[in-house]
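Q: sequence plus predicted model, see below.
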Amino acid sequence: MEATQELETGSFIRTPEPFARPDAVKIVSWNINRGQQLNEVIEFLAQASADLILLQETDLSARRTHGRNVAREIARALELNYVFGCEFEELSQGHNGVHAYHGHATLSRFPISNSRILRFHHQSRFWFPRWFIPRLRPFQRRLGGRMVLVSHIKLPDHELVLCNVHLESRGDDRLRCSQLKEMLNDVSQYGADVQVVVAGDFNADLRNEPAALALRSSGLSNLFASIASPPTTVPGRFKGSRAIDWILTKGPMIAFEPKLHHSVRASDHYPLSLTLRCM
């Protein structure tokens with residue numbers, strides 16, 4: 001199996017005993033910018049006390065994050081189960097013969113099962129290595145491709161399917177919409193009795209067409225679309241804020257309390273949270 005198809009799983013649950021039926025499940029989704037401010041990331045997540053955490057841009061053995069296994073360190077600090085899915089091998093971030101990777105991490109206080117990677121058929125060729133481009137950090141040459149990390153969570157009364165997604169940042173909206181539709185087609189296999197959560201960095205404003213039409217057709221709800229002034233990225237020196245991170249839901253559980261945490265500056269994206277109420 002290629003490295004970019006592999007999953008890493010682990011558990012730091014102290015007492016893996018049968019859990020009681022939860023009244024509500026809190027979810028956090030966050031692009032953590034590789035975990036370059038890892039202590040601050042862990043501090044926020046510890047305070048958030050989320051049951052399910054979906055992280056994008058999570059490093060494994062990269063020089064820029066001092067060779068750390070970011071997903072594993074967060075899971076250990078929060079005493080959670082975790083699965084890491086590899087999006088790219090970062091060709092300029094390896095060191096001392098160790099390969100560096102970059103991807104998504106899903107963490108949970110409940111057991112995680114049946115995790116898999118849905119790698120999009122249509123990809124940007126921007127990141128691919130070429131003979132005339134040096135494998136240096138500014139050029140970010142990569143092997144792999146954008147994908148969804150799909151995981152299942154079994155609650156006493158509900159089955160949850162978590163889709164941890166990062167759509168392409170390069171290319172145009174046609175490419176992102178193609179990737180979005182591919183994911184929505186995968187989601188359509190789950191019946192009305194399954195609670196689906198799709199969360200992550202979409203690199204697009206899902207309130208705009210044609211993405212909005214695709215979401216309406218899928219039955220997924222976007223509570224964050226109704227929040228006033230919802231930019232989810234931190235303003236940069238050469239670019240303003242954008243609304244590109246979302247949490248979408250579909251199923252028998254009731255979603256409420258969508259919140260964008262604008263005060264958190266541990267990444268170039270803000271974390272999002274919402275709660276699902278068990279019926």
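A: Good, I have the coordinates. Residues are numbered from 1 along each chain as shown.
Q: just name the shakiest helix or strand of this protein by mean pLDDT.
A: Here the helix or strand of the chain ranked lowest by mean pLDDT, DSSP states H and E is strand 142-144, holding a mean of 78.
Q: next SSE downstream of that one?
A: strand 147-154 (DSSP states H and E).
Q: what are the contacting residues of that next one?
A: 52, 83, 85, 87, 103-106, 108, 110-120, 159-166, 183, 186 (CB atoms under 8 Å, 6 or more residues apart in numbering). Quick note: C-beta positions are derived from backbone N, CA and C, even for glycine.
Q: one more pass at 6 Å, please.
A: Strand 147-154 is contacted by residues 83, 85, 87, 104, 106, 108, 110, 112-119, 160-165, 183 when judged by CB atoms under 6 Å, 6 or more residues apart in numbering.
Q: now intersect those residues with the helices, please.
A: Within the contacts of strand 147-154, residues falling in helices by DSSP state H are M183.
Q: filter the contacts of strand 147-154 to the buried ones?
A: Neighbour-count burial (16 or more other CB atoms under 10 Å) is assigned, among these, to 83, 85, 87, 104, 106, 108, 110, 112, 115-119, 160-165, 183.
Q: tell me how many other residues crowd G191.
A: G191 has 9 neighbours, counted by other CB atoms under 10 Å.
Q: repeat for E73
A: By other CB under 10 Å, the residues close to E73 number 17.
Q: ranges for the strands of the chain?
A: Under the criterion DSSP state E, the chain contains strands at 7-11, 24-34, 52-60, 81-90, 101-108, 112-119, 142-144, 147-154, 159-166, 194-201, 245-250, 254-260, 272-277.
Q: now the first one: average pLDDT?
A: Put plainly, it is strand 7-11. For strand 7-11, mean pLDDT rounds to 96.
Q: what packs against that strand?
A: strand 81-90 (3 or more CB pairs under 6 Å, 6 or more residues apart in numbering; DSSP states H and E).
Q: mind checking how far N81 is from P258?
A: N81 is 25 Å from P258, where distance means CB to CB, to the nearest Å.
Q: distance of N81 relative to L248?
A: From N81 to L248 the distance is 23 Å (CB to CB).
Q: err, D173, not the other one
A: D173 is 18 Å from L248, by CB to CB.
Q: compare the two and say which is more crowded by neighbours.
A: Remark: of D173 and L248, L248 carries more neighbours, 27 against 17, as counted by other CB under 10 Å.
Q: the more buried one reaches L220, doesn't it?
A: Yes. Assessed by CB atoms under 6 Å, L248 is found in contact with L220 at 4.2 Å.
Q: could you give the bridge partners of the residue nearest to L60 when sequence neighbours are not counted?
A: Using CB to CB, 6 or more residues apart in numbering and skipping residues adjacent in sequence, the residue nearest L60 is Y101, 4.2 Å away. Y101 has these beta-bridge partners by DSSP bridges: L60, E89.
Q: residues contacting Y101?
A: L60, C86, E89.
Q: with distance to E6 and neighbour count added, can I get those in JSON lines?
A: Output for these, formatted as JSON lines (distance: CB to CB, whole Å; neighbours: other CB atoms under 10 Å):
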{"residue": "L60", "distance to E6": "10", "neighbour count": "26"}
{"residue": "C86", "distance to E6": "6", "neighbour count": "24"}
{"residue": "E89", "distance to E6": "11", "neighbour count": "20"}
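Q: closest to S11 out of those residues?
A: L60 (17.4 Å; CB to CB).
Q: any idea how far A71 is from the closest one?
A: Taken as CB to CB, the span from L60 to A71 is 7 Å.
Q: what do you get for V234?
A: 22 Å.
Q: okay, these two: which has more neighbours?
A: Ranked by neighbour count (other CB under 10 Å), V234 and A71 place A71 first, with 26 against 16.
Q: include distance to L215 when you put the strands of the chain into JSON lines, please.
A: Formatted as JSON lines, the strands of the chain follow (distance: least, CB to CB, whole Å):
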{"stretch": "strand 7-11", "distance to L215": "27"}
{"stretch": "strand 24-34", "distance to L215": "16"}
{"stretch": "strand 52-60", "distance to L215": "18"}
{"stretch": "strand 81-90", "distance to L215": "23"}
{"stretch": "strand 101-108", "distance to L215": "20"}
{"stretch": "strand 112-119", "distance to L215": "17"}
{"stretch": "strand 142-144", "distance to L215": "26"}
{"stretch": "strand 147-154", "distance to L215": "15"}
{"stretch": "strand 159-166", "distance to L215": "13"}
{"stretch": "strand 194-201", "distance to L215": "9"}
{"stretch": "strand 245-250", "distance to L215": "7"}
{"stretch": "strand 254-260", "distance to L215": "14"}
{"stretch": "strand 272-277", "distance to L215": "16"}
